[in-house]
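Enquirer: Model the following, please.
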Amino acid sequence: MIIYLGIGTNLGNREENLRKAVELLHERVGECIACSSVYRSAPQGFVSENEFANIVAVCQTIHSPEEVLLLTQQIEREMGRTEKSVNGVYHDRVIDIDLLQARGDEAIRRSDERLMLPHPRMQERDFVMIPLREVEAILINVH
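Expert: Okay, the predicted model is just below:
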């Protein structure tokens, strides 16, 4: 299965946070086969003076989307994320890893309180869609 992950950070050394997250994803989720360049953006949904750095990474994995969710949440905690955004209330964060979409032989869909695939708000977010288009172009050129 191929899983697309949106990764963002607006605290600390943002480039190092992104690098570390990709490294841990590679170790625990599966081989990262494509990664976008860094896209910078202002916070959305809350006020902060801290700019975000965002990327999209694509990993090949043997894990189910639900297992990937648990693995990414563990990585977030290990990297220092202490609270999740709940009910549209957002805040500064060391790292945020969102499952965007998954593909096996075809698109994988999930819809429950823990996991929705494809991500329900990704189309609304330039900080997701611009890096996503970049990695899709990389994958087309690789295959």
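Enquirer: What are the buried residues along stretch 94-107?
Expert: V94, I95, D96, I97, D98, L99, L100, Q101, A102 (16 or more other CB atoms under 10 Å). Yep, even glycine has a C-beta here, placed from its N, CA and C like the rest.
Enquirer: is it fair to say V22 lies in a helix?
Expert: Yes - V22: assigned to a helix according to DSSP: H, G, I helix; E, B strand; the rest coil.
Enquirer: Quick check: it vs A57, distance?
Expert: Shown here: V22 relative to A57, a distance of 6 Å by CB to CB, to the nearest Å.
Enquirer: Settle it for me: which of the two has more neighbours?
Expert: Counted by other CB atoms under 10 Å, V22 and A57 do not tie: A57 has more neighbours, with 24 against 18.
Enquirer: What strand or helix carries that one?
Expert: According to DSSP states H and E, A57 maps onto strand 52-61.
Enquirer: next structured bit after that strand?
Expert: Next along from strand 52-61, by DSSP H and E: helix 65-78.
Enquirer: which residues touch that next one?
Expert: 1, 3, 5, 21, 24-25, 28-29, 61, 63, 95-97, 99, 102, 108, 110, 114-115, 117 (CB atoms under 8 Å, 6 or more residues apart in numbering).
Enquirer: Could you give the number of residues near T82?
Expert: Applying other CB under 10 Å, we find 9 other residues in the vicinity of T82.
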